[in-house]
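Q: coords below, sequence missing:
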């Protein structure tokens, strides 16, 4: 949770904090209205190569930021942890198994 709260990059999901309610932790995250890459792939099955290229650049920018600036390894990059919105922004989410370098 601390890793996510300390990140400030356009390709990392923004966190607005967390709170405890009825014994459960709730994390308030930036809304990504398209959802995950996994959801998209379940619908379209294949993403055009030019779109994959655009997404990859954004993912690499986010990974570079957390690696070089925050000294963090994500360790769980997968379609479920890649979120997208209708503006075409691609953001990395779920730092649950991340580790400090």
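A: Structure's in. What do you need? Small disclaimer: the values here were computed from a predicted structure and weren't measured.
Q: Only C-alpha atoms from now on, for both contacts and neighbour counts.
A: Noted.
Q: Next up, the contacts around the closest residue in space to residue 36 that isn't next to it in sequence.
A: Of all residues not flanking residue 36 in the chain, residue 83 sits nearest, at 4.3 Å (CA to CA, 6 or more residues apart in numbering). Contacts for residue 83 (CA atoms under 8 Å, 6 or more residues apart in numbering) come out as 13, 32, 34-37, 90-93.
Q: neighbours around residue 8, how many?
A: Using other CA atoms under 10 Å, residue 8 has 14 other residues around it.
Q: Least confident secondary structure element in this structure?
A: Least confident helix or strand, the chain: strand 99-100 with a mean of 47, by mean pLDDT, DSSP states H and E.
Q: mean confidence score for the lengthiest helix in the chain?
A: Secondary structure of the chain read by DSSP state H shows that its longest helix is helix 49-64. Per-residue pLDDT over helix 49-64 has a mean of 96.
Q: Test my guess that residue 38 contacts residue 47.
A: No - applying CA atoms under 8 Å, one finds residue 38 not in contact with residue 47, separated by 11.2 Å.
Q: Looking at the two, which is more packed in?
A: Counted by other CA under 10 Å, residue 38 and residue 47 do not tie: residue 38 has more neighbours, with 15 against 11.
Q: quick one: the closest residue to the more buried one other than its chain neighbours and residue 21, what's the gap?
A: Sequence neighbours aside, residue 79 is the residue nearest to residue 38 in space, at 4.6 Å (criterion: CA to CA, 6+ apart). Using CA to CA, to the nearest Å, residue 79 is found at 29 Å from residue 21.
Q: Same check on residue 77?
A: For residue 77, the distance to residue 21 (CA to CA) stands at 29 Å.
Q: okay, the two: which has more neighbours?
A: Each of residue 77 and residue 21 has its neighbours counted (other CA under 10 Å); residue 77 has more, 15 against 8.
Q: My reading is that residue 17 lies in a helix. Confirm?
A: No - per DSSP: H, G, I helix; E, B strand; the rest coil, residue 17 lies outside any helix segment and is strand.
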